[in-house]
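Colleague: give the three-dimensional model of this entry:
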Amino acid sequence: MQRRIAKRLSALAVAVACLGLSAGLWANEEFQARILKAGGADADAARKIIISIESYSTTEEIKQLKETLYNGGYEPFMRAFRGISKGYIRPVGGRGVKVTIHAAHSHQTEKGRQILIFCERQSWDVQAMKSFDRRFSFMVIELNINKKGNGDGKFFEQANIRFTIQDTVEIEGYNSPPQQLFGVSLLK
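Modeller: This is a model prediction of the structure:
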């Protein structure tokens, strides 16, 4: 009897270890993309960015954020949101600021997958002097990736988010039209 229990526990431990390893490998993803620079002398030049996703948001994390917002209010929610790190976005070359990713979702589509990335609103361009509308506190990036790891996307610089019944996050609205991301490709 004890032998049978020990074998089952060993098999369960191996299965859990394999699942944990495969989830970790799948979550560490890095993408590159290009976005047109806004304004200035080189307005038509494209800026290359790296999007590094270390892990995707869990249902439990989203439930906790949702509960904090509904029970504690906006300020406690923002403190909790800022406390989560799922990766970063950074410009390649030149000056710029690394932006922390606070929530990320990936779901299957007919052509591949869609990845939604949520950050606190800020500019990664240290020279940009933009005014932000306080009603739109988030940045959202939407990536549409095909099965080969290539695709396109959109960058919403000033957006609102909402929680869904399925305990995910989605974009609710935005203040200005999204900028197009092109040349999106999976690096690792």
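Colleague: which parts of the protein are helices?
Modeller: Assigned by DSSP state H, the chain shows helices spanning 2-27, 59-72, 74-82.
Colleague: where among these is average confidence lowest?
Modeller: In terms of average pLDDT, helix 2-27 trails the rest of those, at a mean of 42.
Colleague: what pairs with the residue nearest to residue 107 when sequence neighbours are not counted across the strands?
Modeller: Leaving aside its chain neighbours, residue 107 sits nearest to residue 114 (5.9 Å; criterion: Cβ to Cβ, 6 or more residues apart in numbering). C-beta here means a position set from N, CA and C on the backbone, and glycine is covered the same way. Beta-bridge partners recorded for residue 114 (DSSP bridges): residue 107, residue 144.
Colleague: next one: residue 33
Modeller: If you apply DSSP bridges, the partners that residue 33 bridges to are residue 49.
Colleague: from residue 64, how far off is it?
Modeller: Distance, residue 33 to residue 64, using Cβ to Cβ, to the nearest Å: 30 Å.
Colleague: of those two, give the one with the bigger neighbour count.
Modeller: Between residue 33 and residue 64, residue 33 has the larger neighbour count (other Cβ atoms under 10 Å), namely 23 against 14.
Colleague: in this structure the more buried one contacts residue 186, no?
Modeller: No - with contacts counted by Cβ atoms under 8 Å, residue 33 stays clear of residue 186, the gap being 10.6 Å.
Colleague: overlap in contacts, those two.
Modeller: Here residue 33 and residue 186 have no joint contacts, going by Cβ atoms under 8 Å, 6 or more residues apart in numbering.
Colleague: for residue 150, list the residues it contacts.
Modeller: By Cβ under 8 Å, 6+ apart, residue 150 lies in contact with 184-186.
Colleague: just the buried ones from those residues?
Modeller: Those of the contacts of residue 150 that meet the buried threshold are residue 184, by 16 or more other Cβ atoms under 10 Å.
Colleague: mind putting the contacts of residue 150 into a markdown table with distance to residue 54 and pLDDT?
Modeller: Shown next, in a markdown table, are the contacts of residue 150 (distance: Cβ to Cβ, whole Å; pLDDT from 0 to 100):
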| residue | distance to residue 54 | pLDDT |
| --- | --- | --- |
| 184 | 18 | 95 |
| 185 | 18 | 94 |
| 186 | 15 | 93 |
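Colleague: now, the contacts of residue 150 that are in strands?
Modeller: Among those, the residues falling in strands (DSSP state E) are 184-186.
Colleague: so can I have TSV of those residues showing distance to residue 82?
Modeller: TSV is the format used below for the ones in strands among the contacts of residue 150 (distance: Cβ to Cβ, whole Å):
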residue	distance to residue 82
184	26
185	29
186	28
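Colleague: list just the nearest of the residues you listed to residue 177.
Modeller: Distance ranking of those against residue 177, using Cβ to Cβ, places residue 184 first at 18.5 Å.
Colleague: wait, the closest one sits on residue 148?
Modeller: No - Residue 184 is beyond contact range of residue 148, at 11.5 Å (criterion: Cβ under 8 Å).
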